[in-house]
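> okay, here's the prediction I keep looking at, along with the sequence it came from:
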Amino acid sequence: MILRLFEANFSMLAALIIACLPTLISASYSNATLTSDDGALEVVVYLPVGIKPTENTYYVSSRFEHGSMIGSIKRKSRELVGEEVVKREHVLFDGAYWRTPHNSQWPESGIGLASEFGVGDDGAFCQYRCGWNGINDVTNGLLGYKEARNGEPFLKIGVGALIKGSCPSCDSTDNYRFNSPYEFAELPQWHVLQSTKNVLAIQHEAVLKHHGYRLHKDVVLDNNVLLVTSTLTNLGEQPFATAWYSHNFFTCDGIPVRDGYGLDLNIRGQRGTLYEEPGVIGSWALPIQSFASVKEYPKYVEVDVFRPLADDARIKAEFVRDSASTGGFVLHGCGTSIKSEFPDVERGVLPMYAYNLYLERGTLSPEPQLLVKLSPGESTSWTQRIVFDDSEDLSLLNRRRFFGLGAMSVMSIPSTDAWKILPALFILLLAVASMLISGLMKDRQDYSQIPDVK
């Protein structure tokens with residue numbers, strides 16, 4: 001009986017499971033959920049370690065800044081079904097297909113807007129292919145690394161004090177491995193400075209000998225606009241320069257990257273060579289045009305995925321310098337248009353460092369990188385401004401729709417039929433909960449070692 005109910009109502013069950021998964025996942029980890037005044041958006045900020053000591057922490061590893069775990073975004077949108085515009089609910093920037101089961105101690109296991117101070121490559125300093133301006137000695141988000149001996153601490157901005165030489169892939173070359181887990185010299189201390197329905201302010205600082213920093217994060221949800229502001233202060237005695245970027249781990253409704261995903265990048269096309277793919281030469285990546293069309297226009301570049309990415313497919317495109325780019329992009333999927341921009345870059349406060357695009361089955365990630373330079377005692381701020389809207393042209397939704405799944409939500413299930421699937425739903429929810437718990441308790445280390453390297 002249950003089997004027949006399951007088969008008859010599979011699509012409705014799938015919709016309910018997709019809708020329930022983010023709630024189950026977010027409830028498992030310490031978080032603050034911001035809600036827009038109109039109720040159309042919910043944004044989960046997974047809190048760093050120490051803020052709620054009795055709860056599990058989503059990310060406690062050594063790559064991404066701990067205050068940037070912003071994802072599991074629920075959004076109500078309008079979509080075209082036939083000739084009728086209906087309301088749907090979708091989940092954006094979730095982690096359903098990214099490094100599962102989730103391991104809080106693995107460097108890659110970020111979510112959503114997870115950000116990193118650094119260039120996303122090995123080495124304490126960039127000394128080769130150093131961004132658009134070719135500036136050497138841009139730190140990989142590290143302070144005091146060169147002077148530290150193996151077994152001594154150094155600082156990773158946004159992460160805290162780590163022990164040099166403590167990572168599994170560390171060797172006698174003393175080369176920094178950005179994507180290998182380092183042990184902490186001491187756990188970072190974060191503090192909540194403000195927390196309301198739609199505002200969260202948190203702060204962390206670390207000082208080591210002649211080096212130090214303070215990182216302040218403001219997350220503000222203003223109806224359909226999400227503002228994430230980072231303020232970095234140099235507390236040390238020496239100047240430093242570092243790249244910074246948000247990985248933008250984008251998926252929607254737990255659907256792996258496939259046809260229906262697309263984005264527009266603030267990169268001018270028709271300028272000769274558009275991008276390079278060094279990972280293809282290094283044989284760890286595939287050409288982007290194997291899975292997506294890349295169309296050039298005078299003011300932007302359009303990327304549309306036209307077939308599913310295989311489980312082991314990795315794609316990284318590094319765009320050549322565009323002095324007019326300000327790091328903006330627009331993501332499309334699930335009937336939603338997500339526009340990201342950096343007003344501070346547009347005003348000339350911060351320069352661009354580089355602009356990359358990364359794809360796997362579990363993410364479509366535009367990665368505009370900014371260059372931050374600070375003298376002792378100096379501070380600077382930058383804001384990622386994200387606007388959530390319905391697709392600009394609802395008639396395009398048939399092209400930007402996932403095979404059946406993209407249009408499903410709890411809101412689309414007739415209430416008169418919902419009771420019929422409760423037994424099967426209960427069993428499935430128990431199975432999902434079991435998988436989540438086993439994933440949380442399992443200390444796996446068999447994730448991909450090099451998703452972003454050049």
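Arrived safely, thanks for sending.
> C-alpha only now, for contacts and for neighbours.
Fine.
> can you name every helix or strand that the helix or strand harbouring residue 74 contacts?
Here residue 74 sits within strand 70-81, counting by DSSP states H and E. Helices and strands touching strand 70-81, by 3 or more Cα pairs under 8 Å, 6 or more residues apart in numbering; DSSP states H and E, are strand 41-46, strand 84-92, strand 379-390.
> please tabulate these in CSV, including the columns mean pLDDT and distance to residue 72.
CSV is the format used below for the helices and strands packed on strand 70-81 (pLDDT from 0 to 100; distance: least, Cα to Cα, whole Å):
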stretch, mean pLDDT, distance to residue 72
strand 41-46, 98, 6
strand 84-92, 89, 6
strand 379-390, 96, 14
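> so residue 121 is in contact with residue 178, correct?
Yes: under the criterion of Cα atoms under 8 Å, residue 121 makes contact with residue 178 at 6.1 Å.
> which of these two has more neighbours?
When neighbours are counted by other Cα atoms under 10 Å, residue 121 and residue 178 differ, and residue 178 comes out ahead with 27 against 17.
> the helices and strands packed on strand 70-81: which one's closest to residue 205?
With Cα to Cα, the closest approach to residue 205 among the helices and strands packed on strand 70-81 belongs to strand 379-390: 13.0 Å.
> burial of the closest residue to residue 96 other than its chain neighbours, as a residue count?
In space, and not counting its chain neighbours, residue 96 is closest to residue 254: 5.1 Å by Cα to Cα, 6 or more residues apart in numbering. Counted with other Cα under 10 Å, residues neighbouring residue 254 total 24.
> tell me who's in contact with residue 254.
Counting by Cα atoms under 8 Å, 6 or more residues apart in numbering, residue 254 touches 18, 91, 94-97.
> show the average pLDDT along stretch 206-225.
Mean pLDDT, computed over stretch 206-225, is 97.
> how close does the residue lying closest to residue 145 once chain neighbours are set aside get to residue 274?
Leaving aside its sequence neighbours, residue 145 sits nearest to residue 154 (Cα to Cα, 6+ apart; 5.2 Å). Counting by Cα to Cα, to the nearest Å, the separation of residue 154 from residue 274 is 37 Å.
> for residue 82, same thing?
From residue 82 over to residue 274 the distance is 38 Å, taken as Cα to Cα.
> can you pick out the residue with more neighbours from these two?
More crowded of residue 82 and residue 274, by other Cα under 10 Å: residue 274, with 18 against 9.
> can you tell me how far the more buried one sits from residue 357?
12 Å.
> can you tell me which of the contacts of residue 254 are buried?
By neighbour count, with 16 or more other Cα atoms under 10 Å, the contacts of residue 254 hold 18, 91, 94-97 as buried.
> adding secondary structure and distance to residue 386, write these out as a markdown table.
Formatted as a markdown table, these follow (DSSP: H, G, I helix; E, B strand; the rest coil; distance: Cα to Cα, whole Å):
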| residue | secondary structure | distance to residue 386 |
| --- | --- | --- |
| 18 | helix | 24 |
| 91 | strand | 15 |
| 94 | coil | 16 |
| 95 | coil | 19 |
| 96 | coil | 22 |
| 97 | coil | 23 |
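> of these, which is the nearest to residue 37?
Using Cα to Cα, residue 91 is the member of those that lies nearest residue 37, at 18.3 Å.
> burial of the residue nearest to residue 145, as a residue count?
Counted with other Cα under 10 Å, residue 154 comes out at 26.
> end to end, how far does stretch 107-118 reach?
By Cα to Cα, one end of stretch 107-118 lies 14 Å from the other end.
> same question for stretch 143-159.
End-to-end distance of stretch 143-159 (Cα to Cα): 11 Å.
> for it, buried residues please.
Buried, per 16+ other Cα under 10 Å, within stretch 143-159: 143-145, 153-159.
> so where's the stretch 351-454 of the chain uncertain?
For the stretch 351-454 of the chain, applying pLDDT under 70 flags the ranges 391-454.
> from the buried residues of stretch 143-159, which land in strands?
Those of the buried residues of stretch 143-159 mapping onto strands are 143, 153-156, per DSSP state E.
> what's around residue 130, how many residues?
Residue 130: 17 surrounding residues under other Cα under 10 Å.
> show me the contacts for it.
Listed by Cα under 8 Å, 6+ apart, the contact partners of residue 130 are 136, 138.
> in which helix or strand does it reside?
Using DSSP H and E, residue 130 sits within no helix or strand.
> how close does it sit to residue 195?
38 Å.
> for residue 136, same thing?
40 Å.
> contacts only, for residue 291.
Neighbours of residue 291 in contact, by Cα under 8 Å, 6+ apart: 305-309.
> try 10 Å this time
By Cα atoms under 10 Å, 6 or more residues apart in numbering, residue 291 lies in contact with 257-259, 303-310, 313, 315, 359.
> hmm, residue 208 is touching residue 154, no?
Yes: with contact defined as Cα atoms under 10 Å, residue 208 counts as touching residue 154 (7.3 Å).
> give the residues shared as contacts by those two.
Overlap of the contact sets of residue 208 and residue 154 (by Cα under 10 Å, 6+ apart) consists of 143-144, 160-161.
> can you put these in a markdown table and add distance to residue 215?
A markdown table is the format used below for the shared contacts of residue 208 and residue 154 (distance: Cα to Cα, whole Å):
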| residue | distance to residue 215 |
| --- | --- |
| 143 | 14 |
| 144 | 17 |
| 160 | 10 |
| 161 | 14 |
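> so which of these is the closest to residue 222?
Ranked by distance to residue 222 (Cα to Cα), the shared contacts of residue 208 and residue 154 are led by residue 160 at 30.5 Å.
> from what I see, that closest one and residue 65 are in contact.
Yes: counting by Cα under 10 Å, residue 160 touches residue 65, with 8.8 Å between them.
> hang on, the earlier thing: now pLDDT and distance to residue 224 too, for the ones in strands among the buried residues of stretch 143-159, in TSV please.
Below are those laid out as TSV (pLDDT from 0 to 100; distance: Cα to Cα, whole Å):
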residue	pLDDT	distance to residue 224
143	97	37
153	98	42
154	98	40
155	98	36
156	98	33
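> format those as CSV; extra columns: distance to residue 377.
What follows is these, written out as CSV (distance: Cα to Cα, whole Å):
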residue, distance to residue 377
143, 15
153, 22
154, 19
155, 17
156, 18
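> what is the nearest of the residues you listed to residue 30?
Comparing those against residue 30 with Cα to Cα places residue 156 closest, at 22.7 Å.
> quick check: next helix or strand after the host helix or strand of residue 230?
Following DSSP H and E, one finds residue 230 within strand 225-234. Per DSSP H and E, the first helix or strand lying C-terminal to strand 225-234 is strand 240-246.
> distance of residue 376 from residue 344?
Taking Cα to Cα as the criterion, residue 376 is separated from residue 344 by 21 Å.
> same deal with residue 366?
Relative to residue 344, residue 366 is positioned 18 Å away (Cα to Cα).
> neighbour count winner among those two?
Neighbours were counted for residue 366 and for residue 344 using other Cα under 10 Å; residue 366 has more, 28 against 15.
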